[in-house]
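Asker: Provided below are the primary sequence and the corresponding predicted coordinates.
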Amino acid sequence: MQELPLNIPEGSRKEVMAYLEPFMLKEMSEYLKPVEEMWQPADFLPDSSRHTFFEEVRDLQESAKELPYDLVAVLIGDTITEEALPTYESWLTMVEDVEKNEQGGWMRWVRAWTAEENRHGDLLNKYLYLSGRIDMRQFEISTQYLIRDGFDIGTGADPYRNFIYTSFQELATNVSHRRVAGISKKSGDKLLAKMCGVIAADEARHAKAYMSFISHAMKVDPSEVMIAFEDMMRKKIVMPAHFLREAGEPQGEAFAHFSDAAQRMEVYTALDYVEILKDLNREWAIDKVTDLNEKGEKARDYLMKLPDRLTRLADRIKIPEIQYKFKWIHG
């Protein structure tokens, strides 16, 4: 990493982003892998060129039959979230105060990140299709709606809020995929467990990148980064699929039911939200940050106290016990 500049004025995001760009270019390989060394969806799925293809599909369907209903619903919601990648890429390219040169650090990062993430939806989509449990037309309608509806996550075009959101969201996605992998394995679907496991590993790697971007920004613009962190947590980090809907239903209706299913299966809970906040507080060592102005100090105080407050709220949340019947799932 280049030496810390001494002349970046407080709140000057353009200068901070210019300072970060060489880091994105030179150390990108730490967080992104060479294309030909990475797993691809074909590594896990039945090969239609083999004479054993139909037998492999039958085996996949037999294993998928054993998955709990709520877990299938969560897997579908996760997959639709991954399939809405065009929304996330377009959002990342709209970040302000970054050099929009196609070969610059930010744009190269966005393309490489998108290319890795694209494999996730491809893999899970094909698994769902082959499983025989999914009404693919209903699934595809929800996917198209989510891409069309976009999202409203409260970051605007601010790079600091962008990196804070992606740090949190990549960690949350890692938790979700990792938990689906564990439950799938216990249910006897070892193939799905492997799939979700490798996706979770990608998400963890990407989270480290975005967390690192904030760590370096915190060194040169601590007050503004701290204030941005506080602002995002006051608004609450909303999931990128918060507008999820089924055919004929209002925007966001399906997301509420998807979220309930995730809580019932303990795939992603309100307490996980608190743990991720604690992880970010530790990762960015906010208790040790120096040179904060008055607003920055107040922001830190809020962030340090927030986990305990959210834990008390999480303990009072009541989750509906009755399963919602999704149009996505046959039967």
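Answerer: That came in fine, so what should we check first?
Asker: What are the phi and psi values at the residue of the chain most remote from its centre?
Answerer: Taking Cα atoms, centre = their mean, the residue of the chain most remote from its mean C-alpha position is residue 51, at 37.5 Å. For residue 51, the backbone dihedrals (degrees, to the nearest 10) come out as phi -70, psi -10.
Asker: Helix, strand, or coil at residue 267?
Answerer: Following DSSP: H, G, I helix; E, B strand; the rest coil, the label given to residue 267 is coil.
Asker: count of residues packed around it?
Answerer: Look at residue 267: counted by other Cβ atoms under 10 Å, it has 24 neighbours. For glycine as for every other residue, the C-beta is placed from the backbone atoms N, C-alpha and C.
Asker: before we move on, what about residue 246?
Answerer: Neighbour count of residue 246, defined by other Cβ under 10 Å: 18.
Asker: got the buried residues for stretch 59-66?
Answerer: Within stretch 59-66, the residues that count as buried by 16 or more other Cβ atoms under 10 Å are 60, 63-64.
Asker: I meant stretch 251-259, not that one.
Answerer: Within stretch 251-259, the residues that count as buried by 16+ other Cβ under 10 Å are 254-255, 257-259.
Asker: low-scoring pLDDT stretches of the stretch 1-150 of the chain, where are they?
Answerer: 1-11, 27 (pLDDT under 70).
Asker: quick one: average pLDDT of the helix ranked longest in the chain?
Answerer: Longest helix in the chain by number of residues (criterion: DSSP state H): helix 190-220. Model confidence over helix 190-220, given as mean pLDDT, is 96.
Asker: now swap in stretch 288-303 and tell me
Answerer: pLDDT averaged over stretch 288-303 gives 96.
Asker: Any idea how far it is from the middle of the chain?
Answerer: With Cα atoms, centre = their mean, to the nearest Å as the basis, stretch 288-303 stands 27 Å off its chain's centre.
Asker: Can we start the residue count at 30 from this point?
Answerer: Right, with 30 as the first residue, what we last looked at is stretch 317-332.
Asker: all helices of the stretch 230-360 of the chain, in order?
Answerer: 251-264, 282-293, 299-312, 323-343 (DSSP state H, counting those that start in this stretch).
Asker: which parts of the longest one are buried?
Answerer: Same thing as helix 323-343. 325, 328-329, 331-332, 335-336, 339-340.
Asker: how big is the angle separating it from helix 299-312?
Answerer: Interaxial angle of helix 323-343 relative to helix 299-312 (axes from the mean of the first three to the mean of the last three Cα atoms, to 10 degrees): 150 degrees.
Asker: now what about helix 323-343, what contacts it?
Answerer: Outside of helix 323-343, the residues within contact range by Cβ atoms under 8 Å, 6 or more residues apart in numbering are 251-253, 255-256, 258-260, 262-263, 298-300, 302-303, 306-307, 310, 315-316, 318, 321.
Asker: Distance from it to the middle of the chain?
Answerer: On Cα atoms, centre = their mean, the centre of helix 323-343 falls 23 Å from that of its chain.
Asker: Taking helix 251-264 as reference, get the angle to that helix.
Answerer: 30 degrees.
Asker: okay, helix 323-343 in CSV with CA atoms only?
Answerer: Extracted C-alpha coordinates of helix 323-343, given in CSV (Å, rounded to 0.1, in the frame of the first residue of the first chain):
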residue,chain,number,x,y,z
GLU,A,323,-17.0,16.2,17.4
LYS,A,324,-19.5,14.6,15.0
GLY,A,325,-17.1,11.7,14.5
GLU,A,326,-16.9,11.1,18.2
LYS,A,327,-20.7,11.1,18.6
ALA,A,328,-21.0,8.7,15.7
ARG,A,329,-18.5,6.3,17.4
ASP,A,330,-20.3,6.5,20.7
TYR,A,331,-23.6,5.5,18.9
LEU,A,332,-21.9,2.6,17.1
MET,A,333,-20.2,1.3,20.2
LYS,A,334,-23.6,1.2,22.1
LEU,A,335,-25.7,-0.1,19.2
PRO,A,336,-25.0,-3.9,19.5
ASP,A,337,-26.4,-4.1,23.0
ARG,A,338,-29.5,-2.1,22.0
LEU,A,339,-30.1,-4.3,19.0
THR,A,340,-29.6,-7.5,21.0
ARG,A,341,-32.4,-6.4,23.3
LEU,A,342,-34.7,-5.7,20.4
ALA,A,343,-33.8,-9.0,18.7
